[in-house]
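>>> My questions concern the predicted model and sequence given below.
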Amino acid sequence: MTATLTRGAERIHAAFERAKQEDRAAFMPFMTAGYPSAAEFPAVADALLAHADLLEVGIPYSDPLGDGPTIQRASEQALAGGTSTRRTLALVKELRARHDTPIVVMTYVNPIYAVGPRQFMRLAQDAGVDGLILPDLPPDQDLEIADLAAEHGLAVTFLIAPTSTPERVKLVADACTGFLYAVSVTGVTGAREGTALGEVPAMLALAREYARVPVAVGFGVKDAATARQVAQVADGVVVGSAFVNAVGAGQDVGALAASIAEGCRR
Amino acid sequence: MSLTLPSYPQPDGRGRFGRFGGRYVPETLIPALDELEAAYREAKTDPAFLNELDRLLKEFVGRPSPLYLAQRLTDHAGGAKIYLKREDFNYTGAHKINNCLAQALLAVRMGKRRVIAETGAGQHGVASATAAALLGLDCVVYMGAEDIRRQALNVFRMKLLGAEVREVTSGTATLKDATNEAIRDWVTNVRDTFYILGSVVGPHPYPAMVRDFQAVIGEEVKVQLEALEGRITPDAIVACVGGGSNAIGIFAPYAYLPESERPRLIGTEAAGEGVESGRHAASVAGGRVGVLHGSMMYLLNDDEGQIVPPHSISAGLDYPGIGPEHCHYSETGVAEYVPVTDAQALEALQLLTRLEGIIPALESAHAIYHAVRLAKELGQGGVIVVNLSGRGDKDVAEVMRLLEMERDQGLLDKDVEQVIQEVLA
Ligand SMILES: Cc1ncc(COP(=O)(O)O)c(C=O)c1O
């Protein structure tokens, strides 16, 4: 881990710390940039930001193999509407002008390589992005991305899963500078049936042994009840597909966000 | 003689061929890939595994496949001798079965009773379903809706063999999307499922493992050519490239020889309606370095990293990337990659059928087309080996549709004789 924290990492840690002081798990809603359209996205993001400790914005991608049908379809719709990598960063920049809440960007690696890693980081920094979540980049695949992110003030988040061995958990935890993302299930994103915590406690116990950053849990959290369960064991709760579904169905995402934020209280 | 599996100097310990390859996948899969790598390493030198694979390749697949001198094609081309490595003779009709049986045996060895596969032309799906039936495994095959339409015969074969065929409608509804779905299934069911990957793509160790299982093609060519021509090395080898497994299978045994002993290795990429048209699947000629399905390779993607939908007349070549080892061969000059269009492949299919009585797969027809050109260039005394990766039964209905459509639109206002003359001109 870098000796001095980047600006992004500091802001992310502060957000987790504030939630902790208030005896809550940090609440991190996710939304695909440009969904349901580039024009409507800012209002959706505002509604989420009104209740969020951090906001996760996804760069729409043509082949999101870590995502289930909900986010995949949202990506397709956003791309069809003209939102992709550069446009996403521009949308974040607009949000940044109105909000001080930390914003992390979720992106598959190919958009980073296509734009050029240095150029991508420059654009992200300029947009006011605080951190990156990289779902298809195990940290040992590319040691340069994390360094470049740090150079540009950005934190990085990698993921662990229930299948991760202790060695992998250590390796991933060591590489994370923002927070560690623990995937609750073996599977892709998506709001699921059932509320059992399953393998989460065991995975978190392992994560806590190694992580020097907060640990958030995501995949499958969909309402206040599931958030409440996760909030008992995790520093942060990530909720994605449930919000994408709500937007797709024309529901009030602000109300859903308020209710799930409430569920994050301990 | 019992089977041995080759050991090549590439990839490196991190699964890289030069800068290509690697493991760009969700963390969930990393332990499974480690487990697979370890199981493969063990199996590779275990006589029990090798003997069983050897027996199945001989008795079930029908190996070795013939190396056939295509005399009438050679005469018409008017230059180097053209030999066909007849992977179309394999049981189930293509080279895919070599790899599928080996991976299915590995699945059994690892105690996995459920296998999944992705398929474009359906050949890999049929081979996977066949191996699963033979070994008593549950099998799910992901296939794009567009390919289900183009390859109805193979869809039925898979179902007859007891596999479940899952239609994929996302994205372009072709091989790339079927592969996405297969990976998603694997991420979800990784603990009890073996993913039988169909080409030399995907995260490490797949590109290396699939190559090793397909290298039997090139190894046989060495022995057969020695008997027929008194030399193990032809002047050139031509093979079509989708993901690149049939090509790597015939290239790899030669690719690591010293340069002076190496034949020209030529991969034919699907140029669709022409590389300049933007409607093609030629990743070397028309792509740039990117990451898809877990590995870094030449890839059709735009300047923001979105995958550009590929196009090819042939479902098996309709893939936006090309295996990382090919990328490395291309970058280091070990092999060349040339584009061949839909129209050229269709012509070559008719040409080979008329001259030799062999209906090739549309995929293989891409290689035939270039071999005819190359024969002239190399001239008399030269020897070319073409990997005839599969037979055309699966494509006959689609070819009929295309030819009738062209005729109806007045595009193909000529008979096949005329086509042959044009191809040879
Ligand atoms: C007959 C045949 N040849 C070639 C291919 C292309 O695959 P690869 O390049 O991996 O050999 C396919 C794929 O379906 C095929 O069925």
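Perfect, thanks for sending it.
>>> Could you confirm whether the lengthiest strand in chain A reaches chain B?
Secondary structure of chain A read by DSSP state E shows that its longest strand is strand A:26-32. No - no part of strand A:26-32 sits close enough to chain B to count as contact by Cβ under 8 Å from any Cβ of the partner chain; the gap is at least 13.8 Å. C-beta coordinates here come from the backbone N, C-alpha and C atoms, glycine included.
>>> so how far is B:Arg191 from B:Thr74?
When distances are taken as Cβ to Cβ, to the nearest Å, B:Thr74 and B:Arg191 turn out to be 53 Å apart.
>>> Who has more neighbours out of these two?
Under the criterion of other Cβ atoms under 10 Å in any protein chain shown, the comparison of B:Thr74 against B:Arg191 puts B:Thr74 first, with 22 against 11.
>>> my read is that one is in a helix, agree?
Yes - the assignment for B:Thr74 (DSSP: H, G, I helix; E, B strand; the rest coil) places it in a helix.
>>> I'd assumed B:Gln344 was in contact with B:Glu273.
No - using Cβ atoms under 8 Å as the test, B:Glu273 is too far from B:Gln344 to be in contact (11.1 Å).
>>> Which one's more surrounded, those two?
Applying other Cβ under 10 Å to B:Glu273 and B:Gln344 shows that B:Gln344 carries more neighbours, namely 21 against 15.
>>> how near is the nearest residue to the more buried one once chain neighbours are set aside to A:Tyr108?
With sequence-adjacent residues excluded and distances taken as Cβ to Cβ, 6 or more residues apart in numbering or on different chains, B:Gln344 is closest to B:Tyr369, at 4.6 Å. Distance check for B:Tyr369 against A:Tyr108: by Cβ to Cβ, it reads 36 Å.
>>> number of nearby residues for the residue of the stretch 251-400 of chain B found nearest chain A?
Closest contact between the stretch 251-400 of chain B and chain A, by Cβ to the nearest Cβ, is at B:Gly305 (3.2 Å). Neighbour count of B:Gly305, defined by other Cβ under 10 Å: 25.
>>> these two touch, right, it and A:Gly116?
No - at 10.2 Å, B:Gly305 does not count as touching A:Gly116 under the criterion of Cβ under 8 Å.
>>> residue boundaries of the strands in the stretch 251-400 of chain B?
When secondary structure is read from DSSP state E, counting those that start in this stretch, the stretch 251-400 of chain B shows strands at B:264-272, B:288-292, B:295-299, B:336-341, B:383-388.
>>> average pLDDT for the third one?
Strand B:295-299 shows a mean pLDDT of 98 in the predicted model.
>>> angle of it against strand B:288-292?
Here the directions of strand B:295-299 and strand B:288-292 differ by 140 degrees (axes from the mean of the first three to the mean of the last three Cα atoms, to 10 degrees).
>>> same thing with the longest one?
Taking the same axes, to 10 degrees, one finds strand B:264-272 and strand B:288-292 inclined to each other by 80 degrees.
>>> need the contact list for the closest residue to A:Ala231 other than its chain neighbours.
The spatially closest residue to A:Ala231, leaving aside those adjacent along the chain, is A:Ala25, at 3.7 Å (Cβ to Cβ, 6+ apart). Residues in contact with A:Ala25 (Cβ atoms under 8 Å, 6 or more residues apart in numbering or on different chains) are A:19, A:227, A:230-231, A:234-237, A:264, A:266.
>>> make it 6 Å
Remark: with contacts taken as Cβ atoms under 6 Å, 6 or more residues apart in numbering or on different chains, A:Ala25 is in contact with A:231, A:234, A:236-237, A:264.
>>> wait, does stretch A:83-102 contact chain B?
Yes - remark: stretch A:83-102 sits within contact range of chain B at A:84-85, by Cβ under 6 Å from any Cβ of the partner chain.
>>> Flag every buried residue along that stretch.
Within stretch A:83-102, the residues that count as buried by 16 or more other Cβ atoms under 10 Å in any protein chain shown are A:83-89, A:91-93, A:95-96, A:99, A:101-102.
>>> pLDDT check: weakest of these?
Within the buried residues of stretch A:83-102, the minimum per-residue pLDDT falls on A:Ser84 (94).
>>> Quick one: residues contacting it.
Neighbouring residues of A:Ser84 by Cβ under 6 Å, 6+ apart: B:304, B:306.
>>> ok, what's across the strand from A:Val215?
With beta bridges defined as DSSP bridges, A:Val215 has these partners: A:Leu180.
>>> So, low pLDDT: which residues of the stretch 101-250 of chain A?
Applying pLDDT under 70 to the stretch 101-250 of chain A flags residues A:194-196.
>>> Please enumerate the helices of it.
Assigned helices in the stretch 101-250 of chain A, in chain order: A:109-115, A:117-127, A:143-151, A:166-175, A:200-210, A:224-233, A:241-248 (criterion: DSSP state H, counting those that start in this stretch).
>>> returning to that earlier point: any chance of the strands of the stretch 251-400 of chain B in CSV, plus distance to the ligand and mean neighbour count?
Compiled in CSV, those are given as follows (distance: least, Cβ to the nearest ligand atom, whole Å; neighbours: other Cβ atoms under 10 Å in any protein chain shown):
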stretch, distance to the ligand, mean neighbour count
strand B:264-272, 8, 26
strand B:288-292, 15, 22
strand B:295-299, 13, 28
strand B:336-341, 12, 21
strand B:383-388, 8, 29
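>>> which one is the closest residue to the ligand within chain A nearest to, not counting chain neighbours?
Of all residues in chain A, the one sitting closest to the ligand is A:Asp63 (18.7 Å; Cβ to the nearest ligand atom). Leaving aside its sequence neighbours, A:Asp63 sits nearest to B:Ile307 (Cβ to Cβ, 6+ apart; 5.2 Å).
>>> can you check B:Ile97 too?
On the basis of Cβ to Cβ, 6+ apart, the spatially nearest residue to B:Ile97 that is not a chain neighbour turns out to be B:Ala127, at 4.3 Å.
>>> tally of neighbours for that neighbour?
Using other Cβ under 10 Å, B:Ala127 has 31 neighbouring residues.
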